[in-house]
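A.B. asks: Sequence and predicted structure, then a few things I'm wondering about:
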Amino acid sequence: NPFIPSKNSVLPIANPAPVLRRAFALPKGRRIAKARLHLSAAGNVTFTVNGDPITVDGERATTGRTNVPRLLTDQSTYDRTVLYDTFDVTELLHAGRENVVAAELGRGWYGVTTPQEWYWQLAPYAGQPRLRAKLVVTCTDGSTTTLITDKDWLSADGPTTFDSVYSGEKYDARRAEELGEWRSAGYRTGRDWRPATVLIPPGSCSGPSPEYHGALPATTIPDGFRPAVVRAHEAEPVLVGKTLRPVSLTETAPGSGTWVLDYGQILTGLVRLQLTGIRPDKEGLALRIRGGNRIVAGDGTAASPLSVEEENFQHDANLQTHYYTLGKRSTQTWEQQFSHFGFRYLEVMNLEAVLGRAPDLKRDADLLTVGVARSGFARTGTFTTDNALLNRLQRNLEWAEQNNLVQKPTDTPSREKNGWTGDAMASSESESLTWDVNAVLTNYLRHFPDTQISTGQLPMFVPVAKGGYGYDRTPGWNATWKAVPAWDSA
């Protein structure tokens, strides 16, 4: 319909996730000695070099993409600090040929638009996602080629039409098919592509007597503006260490057309969809995929359908819900990029219409899989006994700790995803006995000074949208600064 805009016109308002690319040539007759990518974003970014994702070990992505960092870059208090990571991309570049670096930007914690209890949508720095990157290629003869983010990059609206750390993502495979292999060398940009907009850096005009009030402009630096400090990220990026398939597949009631997939364990993860054998006439159909922790009602009969819990009492929008609109290709794949879910069950609507049949657990084992995600720290300790109950309790504890260590210590990976300081303090000692969480906790503790306001108060969770939720003038959760031995180890 030409009268309906392509951008999301229903609140919460948000533009599609932009895609960016930059083609460049490296000198002929020279060998690459090393190449380093320094990558920062206000929001989330997925980044590729010549179509290959960047990795934490400098090697090409493994089959399970276990070495590919997710949800870059980690959250920070964006009016004070923006983090950057450095990656070895030597193996991904081609000497003497055209190369392409490409990125897709999600809103992350910088541009939250979905209203919720913690006022992230009202953060003083909130705005459109933005990327800062610097690629330095050093040749064996000592010469260097440097590439930075500037107006020479090209941008277009991507296939992710909406994303929210709380609500989930909307993905239109038709748009992906229109764009084609935009991350690869030799790609011809069409009329959809335009020079990238150079935005102001994250920062703030706050102070005792600010010269500028209101939302920050996008491209003009206002009077009294102070850019955020760009600091090296000290913790490991989020990684996917294992992939889970559903252990059961159940219709909520006979003929309901709504199916519940059980993954056997409450987890924090990224949903991956893999469709095969799709007919072209299915183009435009949409799947609705919602995550929840429990079955809270029903016995699976027509009179009492199964119901997956929806903890949506703190948001004015959908919670943990994806929408995937089909393209015309026979094989289609999609993976959650700009959010993470905490759940055990996925409730899927319209699945039979898409497949043209009822789903089958064995036949469709790889249809909807989940990559278990957490910050990429190593295990340092184990605990086992000859008592099955104690071993199960330990296993539950380890799952709970990992589920709540995605970028920062949290109290729940589903409805809140906030770094409550008292919760983090209470669990830190147990975590440090099993995992090498020193870097994660070090990164977390550095958020405390950034969130301190002029009265000296610290908030109840960090990072935080300063001045709003979490400053209660009481020595409660905010009294956890350097309070326990595990903090000292960090």
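C.D. replies: All right, it came through fine. Being a predicted model, the structure only gives us computed values, none of them experimental.

A.B. asks: Look at the closest residue to residue 198 other than its chain neighbours and tell me its secondary structure.
C.D. replies: Among residues not flanking residue 198 along the chain, residue 151 sits closest, at 5.5 Å (CB to CB, 6 or more residues apart in numbering). No exception for glycine: its C-beta is placed from N, CA and C like everyone else's. Under DSSP: H, G, I helix; E, B strand; the rest coil, residue 151 falls in the coil class.

A.B. asks: how near is residue 151 to residue 20?
C.D. replies: Distance, residue 151 to residue 20, using CB to CB, to the nearest Å: 11 Å.

A.B. asks: Over to residue 138?
C.D. replies: Residue 138 is 24 Å from residue 20, by CB to CB.

A.B. asks: neighbour-wise, which of residue 151 and residue 20 wins?
C.D. replies: residue 20 (22 against 9; other CB atoms under 10 Å).

A.B. asks: Check the secondary structure at the more buried one for me.
C.D. replies: strand.

A.B. asks: 42 is where my numbering starts, stick with that
C.D. replies: Let's use 42 as the start, then, which means that last one is residue 61.

A.B. asks: quick one: pLDDT of it?
C.D. replies: The score at residue 61 is 98. That number is its pLDDT.

A.B. asks: mind listing what it touches?
C.D. replies: Counting by CB atoms under 8 Å, 6 or more residues apart in numbering, residue 61 makes contact with 143-146, 172, 194-196, 237.

A.B. asks: Residue 439 now?
C.D. replies: Residues in contact with residue 439 (CB under 8 Å, 6+ apart) are residue 475.

A.B. asks: any idea of the mean pLDDT in the helix or strand harbouring it?
C.D. replies: Secondary structure assigned from DSSP states H and E places residue 439 in helix 429-444. Helix 429-444 comes out with an average pLDDT of 95.

A.B. asks: all strands of the stretch 92-241 of the chain, in order?
C.D. replies: 93-94, 122-129, 139-147, 171-180, 185-189, 195-198, 201-205, 209-213, 235-236 (DSSP state E, counting those that start in this stretch).

A.B. asks: Just confirm residue 181 contacts residue 72, I think it does.
C.D. replies: Yes - under the criterion of CB atoms under 8 Å, residue 181 makes contact with residue 72 at 4.6 Å.

A.B. asks: Next one: the residue nearest to residue 239 from residue 236, what distance?
C.D. replies: Relative to residue 236, and taking CB to CB, residue 192 is found at 5 Å.

A.B. asks: one step back: helix or strand right after the helix holding residue 439?
C.D. replies: Note on helix 429-444: by DSSP H and E, the next helix or strand toward the C-terminus is strand 446-447.

A.B. asks: which residues sit against that following strand?
C.D. replies: By CB under 8 Å, 6+ apart, strand 446-447 touches 112, 279, 309, 381, 414-416, 418, 454, 458, 472, 476, 478, 481.

A.B. asks: mind listing what that strand pairs with, with the direction of each?
C.D. replies: The strands that strand 446-447 pairs with in its sheet are strand 449-450 (antiparallel) (by DSSP bridges).

A.B. asks: how far is the partner strand from where the chain is centred?
C.D. replies: 14 Å (CA atoms, centre = their mean, to the nearest Å).

A.B. asks: hmm, who's touching it?
C.D. replies: So strand 449-450 is contacted by 115-116, 460-461, 464-465, 468-469, 472, 481-482, 484-485, 488, 503-504 (CB under 8 Å, 6+ apart).

A.B. asks: And those residues, which is closest to residue 87?
C.D. replies: Closest approach between those and residue 87, by CB to CB: residue 115, at 14.6 Å.

A.B. asks: Regarding residue 473, what is its secondary structure?
C.D. replies: helix.

A.B. asks: got a pLDDT number for it?
C.D. replies: You'll see residue 473 listed with a pLDDT of 91.

A.B. asks: what number of residues lie near residue 79?
C.D. replies: Close neighbours of residue 79, defined as other CB under 10 Å, add up to 16.

A.B. asks: That one contacts residue 129, doesn't it?
C.D. replies: No - the criterion here is CB under 8 Å, and residue 79 misses it with residue 129 at 11.3 Å.

A.B. asks: joint contacts of these two?
C.D. replies: By CB under 8 Å, 6+ apart, no residue touches both residue 79 and residue 129.

A.B. asks: which residues sit in contact with the residue nearest to residue 225 when sequence neighbours are not counted?
C.D. replies: The shortest distance from residue 225 to any residue other than its chain neighbours is 4.4 Å, reached at residue 92 (CB to CB, 6+ apart). Neighbouring residues of residue 92 by CB under 8 Å, 6+ apart: 141, 143, 222, 224-226.

A.B. asks: I'd like the distance between residue 92 and residue 277.
C.D. replies: The gap separating residue 92 from residue 277 is 25 Å, by CB to CB.

A.B. asks: picking up where we left off before, for the residue nearest to residue 225, phi and psi?
C.D. replies: Phi and psi for residue 92, reported as degrees, to the nearest 10, are phi 90, psi -10.

A.B. asks: again with the one 3 residues further on
C.D. replies: Here is the backbone geometry of residue 95 (degrees, to the nearest 10): phi -70, psi 160.

A.B. asks: Tell me how far it lies from residue 327.
C.D. replies: 31 Å.

A.B. asks: Quickly note the distance from the residue nearest to residue 239 to residue 231.
C.D. replies: In terms of CB to CB, residue 192 sits 19 Å off from residue 231.

A.B. asks: Over to residue 451?
C.D. replies: For residue 451, the distance to residue 231 - CB to CB - is 42 Å.

A.B. asks: of those two, who's got more company?
C.D. replies: residue 451 (22 against 11).

A.B. asks: so what's that one closest to, chain neighbours aside?
C.D. replies: residue 445 (4.6 Å).

A.B. asks: Distance of that neighbour relative to residue 457?
C.D. replies: 10 Å.

A.B. asks: Repeat that for residue 149.
C.D. replies: For residue 149 relative to residue 457 (CB to CB), the value is 16 Å.

A.B. asks: Going by how many neighbours each has, rank the two and give me the top one.
C.D. replies: residue 149 (25 against 18).

A.B. asks: Which neighbours do residue 445 and residue 457 have in common?
C.D. replies: residue 451.

A.B. asks: Tell me where the model's unsure across the chain.
C.D. replies: 42-54, 508-531 (pLDDT under 70).

A.B. asks: got the angle for the longest strand anywhere in it vs helix 429-444?
C.D. replies: If you go by DSSP state E, the chain has its longest strand at strand 299-316. Put simply, strand 299-316 runs at 60 degrees to helix 429-444, going by axes from the mean of the first three to the mean of the last three CA atoms, to 10 degrees.
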